[in-house]
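>>> heads up, no residue letters with this:
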C-alpha cells in the first residue's frame, strides 16, 4: 500500500489523474473523461462530463453485486425501545417506493424537497429517494423553530416537504406538525404537498395538502434511478446559526460521491460489510456524510441512533450499540464524550460490554481538547482520531488517514492535511506564517471534489464569505498553526482569538489548561470587553459527576493553573463553576452568544440552541463577567 506522502504527492502533482483514478470506485452512467473544470474559476466543477445516480451507487449496485442480504441500515432507538435492521435489498425497495411517492406528487429532477424529520429510518429513505429521482433534498433539523424553517423553505423553494408527526428529545415528545404549519404561514413560498410520517407517540391532524406516508407508499409505483450530471446538486444544507437569509451550502453529485466513498476507505478504514456508528443527526453535515451517504456508498452497515449519549437511559449507550452491532468505527463529537466523562468519570459502564470489535474512535465537530483525547484513549485503548472539517467541505480536511498510513498522534492536532487539501496558515497581512505561528487557516484553490462549489442561488455571497479575504484561498474561519513536523493545530474560530492589552491570545489554549484539571468535565473561555485592556478572558467550567470539592477552591486552582502554564499575560482571573454550558444541537458550545451576553448586547437566542434554559441560567454569571471587566 502507498504511504501517506506518496498518496498526498499524487493528489497535488497530478490532481487530474489522481481524482479520475479515485472516480473509478463508483458506477457511472457516463464515465468522466475530465476531472476538473476551472473555466469559471473560482467556481470550480468536478467531473463535468460525467453522469451518475448517487442512490444507485449507495444501494442498487450492492444488490446487483450479490450483497442484497447484507445489513445496510440498523435503527436503534432507546427512546422508543425500537430496533430494526434493513438489508440492502429491503432498503432499496423502501427507497424506490418512496421515490415513487415523490414522483407521483410531481417531484422531478432539480426540484427541491425539504426533509423535516427526527432520527428515524424514513429520514434516510426520504433523502435517498430524492437522490434516486434527481431531486435536491434540504434536510432541516427536526424540531427547528417555525421562523427558521420558514426562511429555509423560502430560500430552497421546495415543491414538497417530507415531515414526521413528532420527534422525541430524551423523554419529551415534540410535535412537529404545529411547527410546520406555522412555518407555512410565515413563508412566502408554499410547497404543493407535504408527506407526513405518523409516529404513534403523537399522530398529527392532516390538512388538505398533507399526504399520509404509509398510505402513499402502499399505492406508489417504485421509481428507478434517474441519471444526472455529476455537477447537478444533490442537496442543500443550511449552515447553523444563520440569521436573515441563510447560507445554503450546495453539494454536487459526482464530486461528493467520489470523495465520500474514498474517505470511507482512506480515512475511516471501513469497507463492505463492516459497521460504522456515527452518533450525530441527519440534520447536520456529519449525518449526511457519515450516517447516510459515506457508509452506503462503501457498502458498509450504518447505525442510525435515536437517543442521547447520556440519559437515554445512561452514559453506556454508545458502548451498548457498539457491542450489539459489532461496530468497527465510532464517530461522534467531542462534546458527547465530555458528557459521558462527566456522568461516568471512571468509564465503569464500558465493563458490561464486549468492545473487542471496536477499532477506532473518530471525533470531530469542535476542537478536541487533549484532556478528552487522553481520557478516551486510556479508556478504550484504541486509536482516538481527531479530525477537522466543516459543513462547507463535506468531508475531512485534516485527519490521520487510518486506511492509508497512521501517523503518531499529537494531542491537540488532527494531524495532517488529507490528499486533495492544500492547507496553509496566513498572517493578518496575508503572508505565510512561520512554523508554530498562529494565523488564519486557509485552503489553496481549487478545493477537492465534494467541497461546496457555491451557495444556493448566491454566487456573490459565496465569494464574499469564503474567497475574498485572501486571493486564491478558501477562508476556513478557523485559526491555528502548523508545527515544524507538518501537524496542523486548529485552535478555534478566528473570532475566539482575544486581544488582551495588545497581546493576541487563543481562548482554545486557555481551555486546554482548564480541561486538564481532574475535576473539570468541560469548559469554555470567552473574551469580555474591558475598558483598560480591550478584552479579558473569563472561564466557565462544568465539573465531573461525583466531584466533592468546593467550587471556589476549584475556581482558584484553575486561575493558578492558567497563570502557571500560559503566564500572567493571559489575565484569566475569573473562572466560574456552572451547571451546564449552552450548546447547539450538534454539540458546539455557543461561545459567541455567551460573549455577546457578557458584553451587554441584546443577544438573540440562536435557532440552533439545544436547551435555551441553560442559556437563561447562565446569564447572571455572564453578567458578572462584564462587571468584573468594568472594575
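Okay, I see it. Given the structure is predicted, the values throughout are model-derived calculations rather than measurements. Numbering: from 1, shown residues only.

>>> Packing partners of the host helix or strand of residue 541?
Assigned by DSSP states H and E, residue 541 falls within strand 534-543. Counting by 3 or more CB pairs under 8 Å, 6 or more residues apart in numbering; DSSP states H and E, the packing neighbours recorded for strand 534-543 are strand 497-500, helix 507-515, strand 520-530, helix 551-565, strand 574-577, helix 612-630. For the C-beta atoms, the positions are set from N, CA and C on the backbone; glycine is no exception.

>>> Could you measure from residue 454 over to residue 250?
Residue 454 sits 6 Å away from residue 250, going by CB to CB, to the nearest Å.

>>> now swap in residue 368 and tell me
Between residue 368 and residue 250 the computed distance is 28 Å (CB to CB).

>>> Looking at the two now, which is surrounded by more residues?
A count of neighbours by other CB atoms under 10 Å puts residue 368 above the other of residue 368 and residue 250, at 26 against 19.

>>> contacting residues around that one?
334, 386, 412, 414 (CB atoms under 8 Å, 6 or more residues apart in numbering).

>>> try it again with 6 Å
Residue 368 is in contact with 334, 386, counting by CB atoms under 6 Å, 6 or more residues apart in numbering.

>>> quick one on the thing from earlier: mean pLDDT lowest where, among the helices and strands packed on strand 534-543?
When those are ranked by mean pLDDT, strand 497-500 comes last with a mean of 67.

>>> I'd like to know how many residues surround residue 426.
By the criterion of other CB under 10 Å, residue 426 has 17 neighbours.

>>> okay, it: pLDDT?
On the pLDDT scale, residue 426 is placed at 96.

>>> State the distance from it to residue 479.
10 Å.

>>> anything in contact with each of the two?
Contact with both residue 426 and residue 479 is made by residues residue 440, according to CB under 6 Å, 6+ apart.

>>> for the stretch 251-400 of the chain, what spans make up the strands?
275-278, 301-305, 329-332, 360-363, 384-386, 398-399 (DSSP state E, counting those that start in this stretch).

>>> So which of those strands is nearest residue 103?
Proximity to residue 103 (CB to CB) singles out strand 301-305 among the strands of the stretch 251-400 of the chain, at 24.7 Å.

>>> Partner strands of the closest one and their direction?
With DSSP bridges as the test, strand 301-305 is paired with strand 71-77 (parallel), strand 275-278 (parallel).

>>> most neighbours per residue, which of the ones you listed?
For the strands paired with strand 301-305, the largest average neighbour count (mean count of other CB atoms under 10 Å) is found in strand 275-278, namely a mean of 24.

>>> hmm, who's touching that one?
Residues outside strand 275-278 that contact it (CB under 6 Å, 6+ apart) are 270, 290-291, 295, 300-303, 321, 325-331.

>>> Recalculate using a threshold of 10 Å.
For strand 275-278, contacts defined as CB atoms under 10 Å, 6 or more residues apart in numbering pick out 71, 74, 76, 264, 268, 270, 286-287, 289-292, 294-296, 298, 300-305, 318, 321-322, 325-332, 357-358, 360, 362.

>>> buried subset of these?
71, 74, 76, 264, 268, 270, 286-287, 289-292, 294-296, 298, 300-305, 318, 321-322, 325, 327-332, 358, 360, 362 (16 or more other CB atoms under 10 Å).

>>> As a check, name the ranges of all helices in the stretch 201-350 of the chain.
With DSSP state H, counting those that start in this stretch as the criterion, the stretch 201-350 of the chain has helices at 213-219, 253-266, 285-287, 294-297, 317-325, 334-343.

>>> for the shortest one, packing partners?
Under the contact definition 3 or more CB pairs under 10 Å, 6 or more residues apart in numbering; DSSP states H and E, helix 285-287 sits against helix 121-132, strand 233-238.

>>> Repeat that for the fourth one.
Packed against helix 294-297 by the contact rule (3+ CB pairs under 10 Å, 6+ apart) you find helix 54-55, helix 61-62, strand 71-77, helix 253-266, strand 275-278, strand 301-305.
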